[in-house]
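Asker: Next input, structure requested:
(one chain, ligands or ions: 1)
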Amino acid sequence: MGGGLIEDVGPSLDADGTPEIDGKNRLAVPGFVNAHMHSGENLNPGLFENLPLDIWFVHSHQVTRHVPPTPEAIYTRTALGAMQMMRTGTTTAIDFLYEAPYISMETLDAVARAYRDIGMRVTISLGFADRPYLESLPLGPEAASLVSSEAPPARADAMLELAGEAVGKWHSAGGMIDIGMAPSAPQRCTPEFLSSTHGFAMEHHLTWHTHALETKSQALTAQRWLGRSFIEQMHDMRLLGEHSSVVHAVWLSDRDIEILAETGTTMIHCLLSNLRLGDGIAPLPELLRHGVRVALGTDGRGCDETLDMIELAKMTALIHKVHGEPHEGWVRASQSLDMITANAAVPAGRKDHIGKIQPGYAADLVLFDTSSIPFTPLNDPVRQVVYGSASGEVATVIIDGKITYDAGRFTQIDGPEIIKATAGYASEEASASGDPQGAAALEVAVRKMLGEAEGANLGIDSYIGRRSDSASSD
Ligand SMILES: [Zn+2]
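Answerer: Okay, the predicted model is just below:
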C-alpha cells in the first residue's frame with residue numbers, strides 16, 4: 001500500500017520494507033461507506049420515540065434554536081459519531097451537516113477537524129435551506145401567524161459565499177475531506193436556491209445531495225404545490241444525474257423510479273430511520289428492477305442510534321421479502337454489501353477510488369477476526385458479514401493506508417477522552433433546545449397537517465398493508 005492506495009492484490013506479495021499485518025484469521029472487506037448521516041444528531045440517541053418525522057423534526061432539529069453549540073461541543077460530538085462508525089467498519093461517511101439556525105465556518109471547521117483527527121474519510125455535505133420550516137409544510141396561510149420563534153433561514157447569497165469559503169479551505173477533490181452541496185429538501189428550498197446550489201456544485205465538481213419524498217406529507221406537499229412529484233420537479237430543473245443523490249425516496253411514483261434510472265441518480269435508502277419514524281418503506285425491489293443505483297445510509301443518530309452499516313445491510317436484505325414477491329428477485333447479501341461499498345462511493349464523490357479492494361483504489365479496509373463465533377465455521381464470507389452479527393468482530397480498520405483502529409483502540413485520537421468530554425456536552429445540548437413554547441405551538445400546527453396528509457389519497461402507498469378484517473377473522 002503506497003501513498004494511501006492499494007498497489008497490488010495477491011497471495012504472496014513483496015512488502016518491500018513496508019510494515020506487514022499478519023492476515024492469519026483475518027477477512028479483508030472494503031471499508032463501508034455510510035451514504036447519509038448527520039453528525040449534528042450525534043448527541044441524540046434515545047431522545048425520542050414514536051414521533052413521525054414532522055413532529056420529531058420540530059424537537060430534534062431545534063427549529064426554534066437561535067444559538068448553535070460551541071465549536072468544542074461540535075468537535076467532540078463529531079468525533080464520537082466517527083468513532084462509533086469506525087468501530088463497526090465504516091471508513092467513509094457522507095455527513096449532511098446542518099446546525100440550527102444555520103451552519104457557519106466555525107461549525108464546519110470543528111466538524112472537519114474531528115474527521116481529520118480521527119483519520120476518517122468524509123464528504124461534508126453543506127445542509128442549506130432558504131425557506132423557514134413552517135413554510136415547507138402543506139399548511140394553510142393561517143399557520144404562518146402561529147409561530148414567531150422559528151429562527152430565520154440564512155440569506156441565499158450568504159450560504160453560497162460560505163460554500164465558496166468551505167471549498168477553498170477543506171475540499172480535497174477525492175482525498176480525505178470533501179465538500180458537497182446539500183439543499184435540505186425541495187420543500188425546504190425555493191426553486192431558485194435549489195438551482196443555484198446545483199450550479200455551484202457543477203462549477204466546483206462537487207456532489208449534490210438532498211432529502212426527497214421521505215413521508216406521505218411531503219408527497220402531498222408536492223402534489224398541492226406543483227401538481228407533480230419533487231423528483232419530477234428536480235428532473236424538469238435538470239438537477240438529477242450521476243453527481244446527484246436523493247435520500248429516503250420512500251413515496252415514489254412509477255415515473256419517479258424511471259427518472260432515477262434514466263438519469264443515473266443514486267437513491268440513498270435509509271431503511272432503519274424510515275422504520276424508526278414510521279415513514280413507510282421505499283420500493284427497493286422496483287428500484288433495483290429498474291436498475292437504479294442504491295446506496296445505504298443510517299441517517300442521524302437521533303433516528304438510527306447505532307450508525308452501524310452491517311445492521312442496516314442485513315435489515316435491507318431481509319425486509320423487502322414481506323411483499324410476497326417471487327423469491328428469485330429477493331435482495332441478496334452481496335447486493336446489500338455493494339450498497340454500502342461500491343455503490344455508495346458514487347454519491348460520496350469517489351467513484352473508482354473507494355469501495356473495492358483493487359489496485360489503484362484507496363487502501364480503506366476492514367479486517368474481521370475470523371476466529372470469532374460469527375465466522376465459525378466460515379461457509380460464505382459475504383453472507384456471514386451481512387447476516388452474522390459481524391459488527392462486533394472488527395479487528396482492524398485501515399483508512400488511506402493507515403491503521404486508524406486496532407484491537408479496540410483508536411490510534412489517532414484518545415477515544416476514552418472523547419467519550420468523557422461528550423458526557424459534559426450532552427446535557428448542554430439537551431437544555432439548549434431553543435424556545436419550548438414556540439416548539440409546542442409549532443407542533444400543534446404540524447399535528448393538524450399530519451392528520452390531513454394521512455387521510456389523503458395520493459395514488460401511491462408506501463406503508464406495508466394492514467391485515468384486513470376478513471383475513472384476521474378467519
Ligand atoms: Zn437526513
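
Asker: Only C-alpha atoms from now on, for both contacts and neighbour counts.
Answerer: Noted.

Asker: Mind telling me what element residue 303 is part of?
Answerer: According to DSSP states H and E, residue 303 maps onto no helix or strand at all.

Asker: For it, which non-adjacent residue is closest in space?
Answerer: Once flanking residues are discounted, residue 303 sits nearest to residue 273: 5.1 Å by CA to CA, 6 or more residues apart in numbering.

Asker: For the one you found, the count of nearby residues, please.
Answerer: Residue 273 has 22 neighbours, counted by other CA atoms under 10 Å.

Asker: pLDDT below threshold where in this structure?
Answerer: Where the chain drops to pLDDT under 70, the residues are 1-2, 61-62, 64, 140-149, 427-434, 466-474.

Asker: State which helix of it is the longest.
Answerer: Ranked by number of residues, the top helix in the chain under DSSP state H is helix 436-455.

Asker: That one: how far from the chain's middle?
Answerer: 26 Å (CA atoms, centre = their mean, to the nearest Å).

Asker: so what does it touch, helix or strand wise?
Answerer: Contacts defined by 3 or more CA pairs under 8 Å, 6 or more residues apart in numbering; DSSP states H and E place helix 436-455 against helix 53-60, helix 216-226.

Asker: now those helices as CSV including mean neighbour count and distance to residue 363?
Answerer: Below are these laid out as CSV (neighbours: other CA atoms under 10 Å; distance: least, CA to CA, whole Å):
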stretch, mean neighbour count, distance to residue 363
helix 53-60, 19, 36
helix 216-226, 20, 40
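
Asker: Same list, the ones you listed, but as JSON lines with distance to residue 294 please.
Answerer: Output for the helices and strands packed on helix 436-455, formatted as JSON lines (distance: least, CA to CA, whole Å):
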{"stretch": "helix 53-60", "distance to residue 294": "22"}
{"stretch": "helix 216-226", "distance to residue 294": "20"}
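
Asker: and the gap between the closest residue to residue 353 other than its chain neighbours and residue 3?
Answerer: Setting aside the residues directly before and after it, residue 353 is nearest to residue 361 in space (CA to CA, 6+ apart), at 4.7 Å. Look at residue 361 and residue 3: by CA to CA, to the nearest Å, they are 11 Å apart.

Asker: same thing with residue 310?
Answerer: Distance of residue 310 to residue 3, given as CA to CA: 28 Å.

Asker: out of these two, which sits in the busier spot?
Answerer: Ranked by neighbour count (other CA under 10 Å), residue 310 and residue 3 place residue 310 first, with 23 against 11.

Asker: show me what contacts the more buried one?
Answerer: With contact set as CA atoms under 8 Å, 6 or more residues apart in numbering, residue 310 has these partners: 88, 385, 386, 389, 390, 391.

Asker: Just to be sure, it is in a helix?
Answerer: Yes - assessed with DSSP: H, G, I helix; E, B strand; the rest coil, residue 310 lies in a helix.

Asker: So residue 124, which state does it fall into?
Answerer: Secondary structure state of residue 124, per three-state DSSP, is strand.

Asker: Please name the residues that touch it.
Answerer: Applying CA under 8 Å, 6+ apart, the residues contacting residue 124 are 94, 95, 96, 97, 112, 177, 178, 179, 180.

Asker: make it 6 Å
Answerer: Residue 124 makes contact with 94, 95, 179, 180, according to CA atoms under 6 Å, 6 or more residues apart in numbering.

Asker: One more: residue 121?
Answerer: 92, 176, 177.

Asker: That one pairs with what?
Answerer: Taking DSSP bridges as the rule, residue 121 bridges to residue 92.

Asker: how much space is there between the residue nearest to residue 52 when sequence neighbours are not counted and residue 95?
Answerer: Nearest-residue entry for residue 52: residue 277, 5.0 Å, with adjacent residues in sequence omitted and distances by CA to CA, 6+ apart. Distance of residue 277 to residue 95, computed by CA to CA: 20 Å.

Asker: Those two: who's more crowded?
Answerer: Set side by side, residue 277 and residue 95 show more neighbours around residue 95, with 27 against 20, by other CA under 10 Å.

Asker: Regarding the more buried one, what is its secondary structure?
Answerer: strand.

Asker: Now for it: which residues touch it?
Answerer: Residue 95 touches 37, 38, 124, 125, counting by CA under 6 Å, 6+ apart.

Asker: what are the ranges of the strands in the stretch 201-350 of the chain?
Answerer: 208-212, 244-248, 266-269, 294-296 (DSSP state E, counting those that start in this stretch).

Asker: Run through the helices of the stretch 251-400 of the chain in chain order.
Answerer: 254-263, 271-277, 284-289, 309-319, 333-339, 342-345, 381-387 (DSSP state H, counting those that start in this stretch).

Asker: So which elements touch the fifth one?
Answerer: Under the contact definition 3 or more CA pairs under 6 Å, 6 or more residues apart in numbering; DSSP states H and E, helix 333-339 sits against strand 294-296.

Asker: let's see 8 Å
Answerer: Using 3+ CA pairs under 8 Å, 6+ apart, helix 333-339 is in contact with strand 294-296, helix 309-319, helix 381-387.

Asker: Reformat these as JSON lines; add distance to residue 399.
Answerer: JSON lines is the format used below for these (distance: least, CA to CA, whole Å):
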{"stretch": "strand 294-296", "distance to residue 399": "20"}
{"stretch": "helix 309-319", "distance to residue 399": "17"}
{"stretch": "helix 381-387", "distance to residue 399": "19"}
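
Asker: So which of these is nearest residue 198?
Answerer: strand 294-296 (20.8 Å; CA to CA).
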